[in-house]
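Participant: Fold the stuff below for me.
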Amino acid sequence: MMPLFLFAVSIENGGVYVLEVKKDSIVKLGKKSIPLMKVKKRYVAFIPIDYKTKSKKICVNIINLNSKREVCVDVKKANYKKEYIKVHNSKVYPTKKVLDRIYKEYKEAKKIYKTVTKKQYWNEPFILPLHSKITSAYGNARMFNHTLKSFHTGTDFRARMKTPIKAINNGVVVIAKDRYYAGGSVVINHGKGLYSCYYHLSKILVKKGQKVKRGKIVGLSGKSGRVNGPHLHFTIELYNHAINPLEFIRKINSFFKH
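Facilitator: Numbering: from 1, shown residues only. Next up, the predicted model:
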């Protein structure tokens, strides 16, 4: 059984591999089943390519009642840049007490991102949280005070203090609080293992457990957390992998255009 549609024969690390399949298909990456998302009347599997993957090829199996087919994509190492950011030393070398808080917040977030709810909350195209200049792209190596601490898990948008930030689609709020690195944080569950994240907010305007519609103002931009100025950090998590959010939105929205 051939997939009805696929994006590309090669994907950069941090990207997403897209397969359109039949409704009754089972898509497996190793032993893991990939949920199918319904986009209009089409059924699509989105396979995240982890930023830190060392694999040069990713293969998935598409299983139907009387058939099984393997489909592979080459993984290319992206040419992500390095960024040098100056912040307060406490944000680079936190105390033991703060490290405990960071670890607790990290565990909480990871538990959420590993959760795959059966319900899909959205059925419309995705929007951007705001329209502004991108000041830092996904995937850049982050050198805080000349110390490599992380890679950039999302996209930063220029935003003056208290700029309204929109939910990119329908969903349920699963995090709405201040965190050490991310500052004022809102995370929305869109269903089927898909989450959107909005960080460094100066004000949070939603509560955990609240259902939100696409375009709902979830908070105001700010400079909370580990930052050197006001902006919005926007991330998409798919099955516990932080992927390139703009690439994902572009690919998923393409199904609404055809």
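
Participant: In a helix, Lys54, correct?
Facilitator: No: looking at Lys54 with DSSP: H, G, I helix; E, B strand; the rest coil, it is coil, so not inside a helix.

Participant: okay, now it: neighbour count?
Facilitator: The burial count assigned to Lys54 is 8, neighbours taken as other C-beta atoms under 10 Å. For the C-beta atoms, the positions are set from N, CA and C on the backbone; glycine is no exception.

Participant: Could you report the distance from it to Thr155?
Facilitator: 24 Å (C-beta to C-beta, to the nearest Å).

Participant: In terms of secondary structure, what does the helix or strand containing Asn253 contact?
Facilitator: Taking DSSP states H and E as the definition, Asn253 sits inside helix 245-254. On a contact count with 3 or more C-beta pairs under 8 Å, 6 or more residues apart in numbering; DSSP states H and E, helix 245-254 meets strand 16-21, strand 42-48, strand 231-238.

Participant: give me that answer again for 7 Å
Facilitator: Packing contacts for helix 245-254, counted by 3 or more C-beta pairs under 7 Å, 6 or more residues apart in numbering; DSSP states H and E, involve strand 16-21, strand 231-238.

Participant: pull the CA atoms of the next helix or strand after the first one into CSV?
Facilitator: Spelled out, that is strand 16-21. Later in the chain than strand 16-21, the nearest helix or strand by DSSP H and E is strand 26-29. C-alpha atoms of strand 26-29 as CSV (Å, rounded to 0.1, in the frame of the first residue of the first chain):
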residue,chain,number,x,y,z
ILE,A,26,-1.5,2.2,11.3
VAL,A,27,1.8,4.1,11.1
LYS,A,28,4.7,2.8,13.2
LEU,A,29,8.1,4.3,14.0
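
Participant: What average pLDDT does strand 26-29 get?
Facilitator: Strand 26-29 shows an average pLDDT of 95 in the prediction.

Participant: Okay, now the sheet partners of that strand, with direction.
Facilitator: Looking at strand 26-29 with DSSP bridges, its partner strands are strand 32-34 (antiparallel), strand 57-64 (antiparallel).

Participant: low-scoring stretches of this structure, by residue?
Facilitator: Residue ranges of the chain with pLDDT under 70: 1-8, 82-93, 141-150, 258.

Participant: one step back: would you mind listing the buried residues in the helix holding Asn253?
Facilitator: Of all the residues in helix 245-254, those buried under the rule 16 or more other C-beta atoms under 10 Å are 245-249, 251-252.

Participant: what's the answer for stretch 171-190, then?
Facilitator: 171-176, 179-190.

Participant: do stretch 187-204 as well
Facilitator: Using 16+ other C-beta under 10 Å as the test for burial, stretch 187-204 gives 187-202, 204.
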